[in-house]
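sequence plus the predicted model coming up.
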Amino acid sequence: MSDPIKNIVLFASGSGSNVENIADYFRDNNQVRIAGVLCNKTNAGVIERCHRLKIPLYCFNREAFKEESGLLALLKGLNPDLLVLAGFLWKIPERFVREFPNQIINIHPALLPKYGGKGMYGAHVHQAVSEAGDTATGITIHWVNAAYDEGNIIRQEHVNIKAGEDPDRIAAKVHELEYTYYPQVIAELLFSDGRQE
Ligand code: GAR
C-alpha cells in the first residue's frame, strides 16, 4: 500500500516566512508532513525558524549543489511528493528537473513573464515594479523547468498598487498573497490526481 502521508520538501535561501506559513497551514493536517527544508545560505533566517518549528533542516553549499548526486540521494531518501521552492535563489539543475518530473514548483513575487529571470528576486522585483510605475503586481506559482521562471504557470493572483508605490509596501502586499495562496495551491496539487505540466 502506498504511504497515505504526503511529503513536502522545501527549498529556501531567505527569511523563510513562506516556509513558516506553509508549516503553520499543514500543522494540524495528519496527511501532510514537512519532510525537510533544504537551505543554501548559512545566515538565512529560515534556519532559526526550522529550529524553532522543529522541522528537519539540511544545509548545503555551492559545491554540494554542483556535485548533485549527494543532494539527489538525500532528496530521494525524503520521498517527496512535492518539492516546493520558497524563496530559493539558485537555478535548479536540469538533472533535478528530470529526476522529479512534475514535482517541483516555485513562487515568484511578480506577474511572470514580467520581472522574471536571473537577478530578479525578492526586493529587486518590487523595486523594478515601483520604478516602472505599474498599478498592479502579484504572484506567480509555476512548475519549475530548466530555465529561470519559465515553467508553466499554475496560478497567478493580482493586487492593485499605486504607481511608484514604496517597494516595501509592495512587498508586504505581495507577501500577503503568497501566504494566502501558496499553501492552498500546494494542498490542491498534493491531493489532485491530474497534475499537468
Ligand atoms: C518571496 O517573496 C518569494 O516570492 C521570493 O523570495 C521571497 C522569500 O521570502 N522568491 C523569489 O524572488 C524567487 N525568484 P521568505 O524567505 O520570507 O519566504
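The structure has been received and is ready for your questions. Just so it is clear, the structure is predicted and the values come from calculations on it, not from any experiment. Numbering: from 1, shown residues only.

contacts, neighbours, all on C-alpha from now
Fine.

kindly report the residues of this structure close to the ligand.
Applying Cα under 6 Å from any ligand atom, we find that the chain lies next to the ligand at 14-19, 86-87, 89, 107-109, 120-122, 175.

among those residues, which two are most distant?
The distance between the two most remote of the residues of the chain next to the ligand (Cα to Cα) is 20.0 Å, for 19 and 120.

neighbour count for those two, which is higher?
Between residue 19 and residue 120, counted using other Cα atoms under 10 Å, residue 19 has the larger neighbour count: 26 against 20.

what residues are up against that one?
Residues in contact with residue 19, defined by Cα atoms under 8 Å, 6 or more residues apart in numbering, are 10, 12, 46, 86.

please, which helix or strand holds it?
Per DSSP states H and E, residue 19 falls inside helix 17-26.

work out the gap between that helix and the centre of the chain.
Offset of helix 17-26 from its chain centre (Cα atoms, centre = their mean, to the nearest Å): 11 Å.

what does stretch 65-74 contact?
Applying Cα under 8 Å, 6+ apart, the contact partners of stretch 65-74 are 64, 96.

er, stretch 174-181 I mean
Contacts for stretch 174-181 (Cα under 8 Å, 6+ apart): 18, 21, 22, 107, 109, 110, 137, 138, 139, 157, 159.

tell me which two in those residues are the farthest apart.
Taking Cα to Cα as the measure, the contacts of stretch 174-181 span a maximum distance of 22.1 Å, between 22 and 137.

circling back: out of the residues of the chain next to the ligand, which end up buried?
Buried residues within the residues of the chain next to the ligand, counting neighbours by 16 or more other Cα atoms under 10 Å: 14-19, 86-87, 89, 107-109, 120-121, 175.

pick the one among those closest to residue 185.
For these, the closest approach to residue 185 (Cα to Cα) belongs to residue 107, at 10.5 Å.

give the helix, strand or coil label for the spatially closest residue to that closest one that is not a sequence neighbour.
Leaving out its chain neighbours, the residue that sits closest to residue 107 by Cα to Cα, 6 or more residues apart in numbering is residue 141, at 4.5 Å. Classification of residue 141 using DSSP: H, G, I helix; E, B strand; the rest coil returns strand.

right, and residue 141 touches residue 104 too?
No: the pair residue 141 / residue 104 is not scored as a contact, 10.7 Å apart, by Cα atoms under 8 Å.

who has more neighbours, the two?
Taking neighbours as other Cα under 10 Å, residue 141 and residue 104 compare with residue 141 leading, 27 against 22.

thought residue 7 was touching residue 34?
Yes: in this structure residue 7 lies within contact range of residue 34 using Cα under 8 Å: 5.9 Å.
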